[in-house]
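K.L.:
Sharing a model prediction with you, sequence too.
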Number of protein chains: 2
Amino acid sequence: MIREAAARLEGHARRTPMLTSPFLDEIAGRRLLVKAECLQHTGSFKFRGGWSAVSALDEDTRKRGVIAYSSGNHAQGVAMAAAAHGAPAVIVMPADAPAMKIANTRALGAEVVLYDRAGGESREAIGDRYAETRGLRLIKPYDAPQVIAGQGTAGLEIAEQAAELGVTRGDVLVCCGGGGLTSGIALALEAEAPGLRARPCEPEGFDDVARSLVSGRIETNVRTSGGLCDAILTPSPGEITFPILQRLCGPGLVVSEEDCLRAMALAFARLKIVVEPGGAAALAAALFHGDEIAGEAVVAVCTGGNVDAPMFQEALGRFG
Amino acid sequence: MIREAAARLEGHARRTPMLTSPFLDEIAGRRLLVKAECLQHTGSFKFRGGWSAVSALDEDTRKRGVIAYSSGNHAQGVAMAAAAHGAPAVIVMPADAPAMKIANTRALGAEVVLYDRAGGESREAIGDRYAETRGLRLIKPYDAPQVIAGQGTAGLEIAEQAAELGVTRGDVLVCCGGGGLTSGIALALEAEAPGLRARPCEPEGFDDVARSLVSGRIETNVRTSGGLCDAILTPSPGEITFPILQRLCGPGLVVSEEDCLRAMALAFARLKIVVEPGGAAALAAALFHGDEIAGEAVVAVCTGGNVDAPMFQEALGRFG
């Protein structure tokens, strides 16, 4: 399915670069390869899953339209993919999502429905209701095979690009919310680069995946909002993603929000890329948690760059 | 020579991506392709010319070492290329260059000699003196065939990448100092993409190339320092580059410093890349001087991303 998704994405998704810096290698204490998915269309890897899911629909379903719920990156990915396929799109977003993400989703042609993340109706319930009353096809953010297959195309690229740079063994650190990207990458690496192992990276207080991998069952976060890393504040790993993560991934890594801001400032200075807090968790783990990583090289996926200017200025002001 | 340089750069220089955004197309009023050379090693295209020049030296010359004068990007490019080839490097830099550029050049292993850009001995005189007394080979920043050939490899990539995106006619806007990159790209396009035409872009007050193209002879800027666009504040086009620019380039475009800061903020928001003021001149011309451009598509080269955090924060604060 990942290879089929890659064929559908060909010429539409960007093959994002694998970046390096001798200055970052020194901080990480090993060779560090950075997969810059923030340079993907719509500023995050989510475009891959959105395109994969929309392009897999039959013509009639596509015409009726799609619906998604998302803190912003899946929203933009689905909105852009839907627009390119001529499919109407409704996106359910938390009212406290970054202003840029909400504005972009609207500008990409989607109808945006806001909800209160901290209380009230769940986004799943809202999504289901719209899907039913309007005949829209729900594209879940991570717990859906075609979405996982789309995100997995990043894993195919990582396997190839790491091999080109001489890296065939080591950990691939992935910023992890519900586990769609991490499980997709893990499946791709299993097939194409068995010496590389995916590991989920999460912010403190939202480490449901790390705890689930330890306990062996799906754990849930106490908090569901309020962190800087809005892109990966999902409550728990998915029903489909968790068994994949359990079978294929190494232990989870947990970083502080300060680690993420510091990693953003270093990505600015050394890689010239813009990374959002939640998209910097894996880079932060590679740079500041080296003692929890083995091997001579590590890959970190910078998953998104959709950060408002004031937050980016804060990261530079504190750590630039 | 450009194709030979490309062969020497293979596996060492990065093939930088060609980025796009529907939001930027709307501002530009046409399709806009952005060649992100800020993602090159050392954060600018200058690594290409540095690697081309150092790799073309014979073993004995390389062992004695190289010298370069540069406001910072050529400095880092030569320093990193020299280090990779085991060649000692002395770099002559203006004392008012961005702190990050001076620090990086030192960290890449070069010996840095600072001079006062506004007065006193010229950098050429200092460079010549060191070259003579220490037996170092001078690598000029732009007026040198192997350097121009190295920068021209970006033009080969532009020709290929633009064709992949269906663009074979239009202007290729290039941030221009002494004309090394612009002339290298112009030569590459002449051979590989004759429907694409290079055009130099400069900041107000430092528009020596635009004026030289109008008058037909090498013109010089009155000011030699003080602008935000430190990367492209050269006094005049080169003896070698100017005839190439004259033969192949379209009219120069002149942008304000404010245009550059605004373009930096848009590159942050829409492309997720970090661009320095001088590296944003071409993007600024594409976005804000569309009436001076013809055709349905335009290419802009973002030439560098070596900007200190406070300057980037200012760009975001004013235009983010």
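P.N.:
It's in.
K.L.:
Need the nearest residue in space to the residue in the stretch 1-150 of chain A positioned nearest to chain B, chain neighbours excluded.
P.N.:
Taking CB to the nearest CB as the measure, the stretch 1-150 of chain A has residue A:38 as its residue closest to chain B, at 4.5 Å. The way it works is simple: take the backbone N, C-alpha and C, and place the C-beta from them, glycine included. Nearest residue to residue A:38, sequence neighbours excluded (CB to CB, 6 or more residues apart in numbering or on different chains): residue A:305, at 3.2 Å.
K.L.:
Now do the least confident helix or strand in chain A by mean pLDDT: everything it contacts.
P.N.:
In chain A, no helix or strand scores lower on mean pLDDT, DSSP states H and E than helix A:123-134, which sits at a mean of 87. For helix A:123-134, the external contacting residues (CB atoms under 8 Å, 6 or more residues apart in numbering or on different chains) are A:64-65, A:67-69, A:90, A:92, A:94, A:113, A:115, A:117, A:136-138.
K.L.:
Need the three-state assignment for residue A:75.
P.N.:
Secondary structure, DSSP: H, G, I helix; E, B strand; the rest coil: residue A:75 is helix.
K.L.:
so it sits right up against residue A:110, yeah?
P.N.:
Yes - because the distance of 7.1 Å satisfies CB atoms under 8 Å, residue A:75 is recorded as touching residue A:110.
K.L.:
what residues does chain A put near chain B?
P.N.:
A:14-17, A:19, A:22-23, A:36, A:38-39, A:43, A:80, A:100, A:104, A:107-108, A:265, A:268-269, A:271-275, A:305, A:308-310, A:312-313, A:316-317, A:320 (CB under 8 Å from any CB of the partner chain).
K.L.:
who touches residue A:14 in this structure?
P.N.:
Residue A:14 touches A:39-41, B:17, B:19, counting by CB under 8 Å, 6+ apart.
K.L.:
mind checking the SS state of it?
P.N.:
Going by three-state DSSP: residue A:14 is coil.
K.L.:
where exactly do the helices run in the stretch 151-300 of chain A?
P.N.:
Assigned by DSSP state H, counting those that start in this stretch, the helices in the stretch 151-300 of chain A fall at A:180-192, A:208-215, A:241-248, A:257-266, A:281-288.
K.L.:
Deepest-packed of those helices, please.
P.N.:
Among the helices of the stretch 151-300 of chain A, the stretch with the highest mean neighbour count (mean count of other CB atoms under 10 Å in any protein chain shown) is helix A:281-288, at a mean of 29.
K.L.:
and that helix, what does it pack onto?
P.N.:
For helix A:281-288, the elements it packs on are helix A:22-28, strand A:31-36, strand A:170-175, strand A:196-203, strand A:253-255, helix A:257-266, strand A:297-302, judged by 3 or more CB pairs under 8 Å, 6 or more residues apart in numbering or on different chains; DSSP states H and E.
K.L.:
Columns mean pLDDT on top of these, output as CSV?
P.N.:
What follows is the helices and strands packed on helix A:281-288, written out as CSV (pLDDT from 0 to 100):
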stretch, mean pLDDT
helix A:22-28, 97
strand A:31-36, 98
strand A:170-175, 98
strand A:196-203, 98
strand A:253-255, 98
helix A:257-266, 98
strand A:297-302, 98
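K.L.:
Count the neighbours of residue A:220 for me.
P.N.:
Neighbour count for residue A:220, taken as other CB atoms under 10 Å in any protein chain shown: 12.
K.L.:
Would you mind confirming that the residue of the stretch 1-150 of chain A closest to chain B makes contact with residue A:302?
P.N.:
Yes - judged on CB under 8 Å, residue A:38 makes contact with residue A:302 at a distance of 5.1 Å.
K.L.:
Overlap in contacts, the two.
P.N.:
With CB under 8 Å, 6+ apart, residue A:38 and residue A:302 have common neighbours A:273, A:275, A:279.
K.L.:
In contact with residue A:82: list those residues for me.
P.N.:
Residues counted as contacts of residue A:82 (CB under 8 Å, 6+ apart) are A:50, A:54, A:65-66, A:88-89, A:109-110.
K.L.:
Among these, name the buried ones.
P.N.:
A:50, A:54, A:65-66, A:88-89, A:110 (16 or more other CB atoms under 10 Å in any protein chain shown).
K.L.:
out of the residues you listed, which are inside strands?
P.N.:
A:66, A:89 (DSSP state E).
K.L.:
OK, contacts around residue A:231?
P.N.:
A:44, A:71-73, A:175, A:177, A:276-279, A:303-304, A:306.
K.L.:
could you redo these as CSV and give each row neighbour count?
P.N.:
Below are those laid out as CSV (neighbours: other CB atoms under 10 Å in any protein chain shown):
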residue, neighbour count
A:44, 31
A:71, 26
A:72, 28
A:73, 34
A:175, 34
A:177, 30
A:276, 34
A:277, 28
A:278, 31
A:279, 33
A:303, 34
A:304, 31
A:306, 28
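K.L.:
out of the shared contacts of residue A:38 and residue A:302, who's nearest residue B:247?
P.N.:
residue A:273 (36.7 Å; CB to CB).
K.L.:
pretty sure the closest one is touching residue B:272, no?
P.N.:
Yes - the criterion here is CB under 8 Å, and residue A:273 meets it with residue B:272 at 6.1 Å.
K.L.:
Pull up the overlap in contacts between those two.
P.N.:
Counting by CB under 8 Å, 6+ apart, the common neighbours of residue A:273 and residue B:272 are A:38-39, A:305.
K.L.:
Secondary structure added to those residues, as a markdown table?
P.N.:
Shown next, in a markdown table, are the shared contacts of residue A:273 and residue B:272 (three-state DSSP):
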| residue | secondary structure |
| --- | --- |
| A:38 | helix |
| A:39 | helix |
| A:305 | coil |
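K.L.:
Can I have the buried ones of these as a ChimeraX selection?
P.N.:
In ChimeraX syntax, the buried subset of those is picked out as below (16+ other CB under 10 Å):
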select /A:38,39,305
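K.L.:
For residue A:148, state which of the shared contacts of residue A:273 and residue B:272 is nearest.
P.N.:
Closest to residue A:148, out of all of the shared contacts of residue A:273 and residue B:272 and judged by CB to CB, is residue A:38, at 20.3 Å.
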